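Engineer: this is the structure alone, sequence omitted:
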Ligand SMILES: Cc1ncc(COP(=O)(O)O)c(C=O)c1O
């Protein structure tokens, strides 16, 4: 068996321990004589899996009792519609557009009501987070929306926006469980799990109970109502059962590693190795305003498209996979999620130094 260092932005590297455990349980899950993939989602064994997953996530994130945890399908993109359908009571919402994913969410919301772009960093290719301390928040806004960590551009909100009392909704797909969060600051926080937690397709929504309403926008499909999933403990229909099982294992792995405080410390150490190198390099440079840098996604360039391509190719040959930047921005991007070991980043930097010596 040979595993590479996988810097993919998502689906992304998962903890090897989790994959090994899942492999060992593949044919016979704890004496049931079947795989979790083959198991009824109404079975006792599965009930334990999903309940433990929720309990462990609640413990990790310190989720208050007045928030529901929903394990849903459709990826993060389905939330772009589900959020306005369920929360746009006044049909008004404010969006802070800091990248392609926030922009897509904003465009989707425009289909359902008056979505206002109250701030944007598109003027400088989304390379920074705008000042959100005193934005023109709409008086009748049902919520203010952010994408907290911008996977493509590598920026992160270090302080949450001042929503002037309005409900904050956040997409945390690419920073999920990478550091402690204060859930009470949000009305709804959600993320696709395929970066930091598990297999693509599952999306986790953490929503304050008062936002779960019967009177959603007319025509909202049953499957897209938070209330339906909340009332049924995420088992209204067949959930993405195997995916949730893997998420549960990752939650246990995180708890064993010391929880989110420990993860934050580890992620900061890891990111610093790469950022420090970029700041000192004669060849490579980071593309993002320093104070807005993400701990999870690190974009960088050489300044020459040709050299960028050469770097990606040679890195791949050396066992560093998926370093090519997003197709919309080019350059390189190293995604260094929770499961990327610090050795992976150290070895990448070693390789970059060698490449620099040969090409600068
Ligand atoms: C921040 C963010 N939001 C949303 C998405 C879309 O996720 P999905 O493909 O699960 O719909 C992505 C995907 O990479 C993302 O990075």
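Structural biologist: Everything's here; your move. What you see is a predicted model; the values in this text were computed from it and never measured.

Engineer: can we go C-alpha only for contacts and neighbour counts from here?
Structural biologist: OK.

Engineer: contacts for stretch 334-349, please.
Structural biologist: When contacts are defined by CA atoms under 8 Å, 6 or more residues apart in numbering, stretch 334-349 is touched by residues 5-9, 12-15, 175, 178, 195-196, 263, 267, 270-271, 273-274, 277, 295-299, 320, 322-323.

Engineer: and it, how far from the chain's centre?
Structural biologist: The gap between where stretch 334-349 is centred and where its chain is centred comes out at 17 Å by CA atoms, centre = their mean, to the nearest Å.

Engineer: neighbours of residue 151, how many?
Structural biologist: 27 (other CA atoms under 10 Å).

Engineer: revised request: answer the last question for residue 44.
Structural biologist: The number of residues packed near residue 44 is 10, by other CA under 10 Å.

Engineer: and for residue 308?
Structural biologist: 21.

Engineer: same check, this time on residue 224
Structural biologist: Using other CA under 10 Å as the criterion, residue 224 is surrounded by 20 other residues.

Engineer: for the ligand, see how far away the nearest residue to it once chain neighbours are set aside is.
Structural biologist: Spatial nearest neighbour of residue 224, excluding adjacent residues (CA to CA, 6 or more residues apart in numbering): residue 82 at 5.8 Å. In this structure, residue 82 lies at 12 Å from the ligand, with CA to the nearest ligand atom, to the nearest Å as the measure.

Engineer: other SSEs contacting the strand or helix carrying residue 82?
Structural biologist: For residue 82, the element it lies in under DSSP states H and E is helix 75-87. In terms of contacts (3 or more CA pairs under 8 Å, 6 or more residues apart in numbering; DSSP states H and E), helix 75-87 is packed against helix 100-109, strand 188-192.

Engineer: quick one: the first one near the ligand?
Structural biologist: Think helix 100-109. Yes - using CA under 6 Å from any ligand atom, helix 100-109 reaches the ligand at residue 101.

Engineer: do the last one as well
Structural biologist: Yes - between strand 188-192 and the ligand, judged by CA under 6 Å from any ligand atom, the touching residues are residue 192.

Engineer: in its sheet, what does that strand sit against?
Structural biologist: Sheet pairing for strand 188-192, assigned by DSSP bridges, gives strand 168-171 (parallel), strand 203-208 (antiparallel).

Engineer: starting at the chain centroid, how far to the first one?
Structural biologist: Going by CA atoms, centre = their mean, the spacing between the C-alpha centre of strand 168-171 and its chain's C-alpha centre is 12 Å.

Engineer: about what we covered before: now for the residue nearest to residue 224, how many residues are close by?
Structural biologist: When neighbours are counted by other CA under 10 Å, residue 82 registers 21.

Engineer: just the helices and strands packed on helix 75-87: most buried one?
Structural biologist: Across the helices and strands packed on helix 75-87, averaging neighbours per residue (mean count of other CA atoms under 10 Å) puts strand 188-192 on top, at a mean of 25.

Engineer: which phi and psi does residue 324 have?
Structural biologist: Here is the backbone geometry of residue 324 (degrees, to the nearest 10): phi -70, psi 140.

Engineer: also residue 145?
Structural biologist: According to degrees, to the nearest 10, residue 145 has phi -110, psi 140.

Engineer: hmm, it is touching residue 166, no?
Structural biologist: No - under the criterion of CA atoms under 8 Å, residue 145 lies out of contact with residue 166, with a separation of 10.0 Å.

Engineer: next one, pLDDT for residue 71 please.
Structural biologist: pLDDT, residue 71: 98.

Engineer: quick check, it in a strand?
Structural biologist: Yes - the assignment for residue 71 is a strand, going by DSSP: H, G, I helix; E, B strand; the rest coil.
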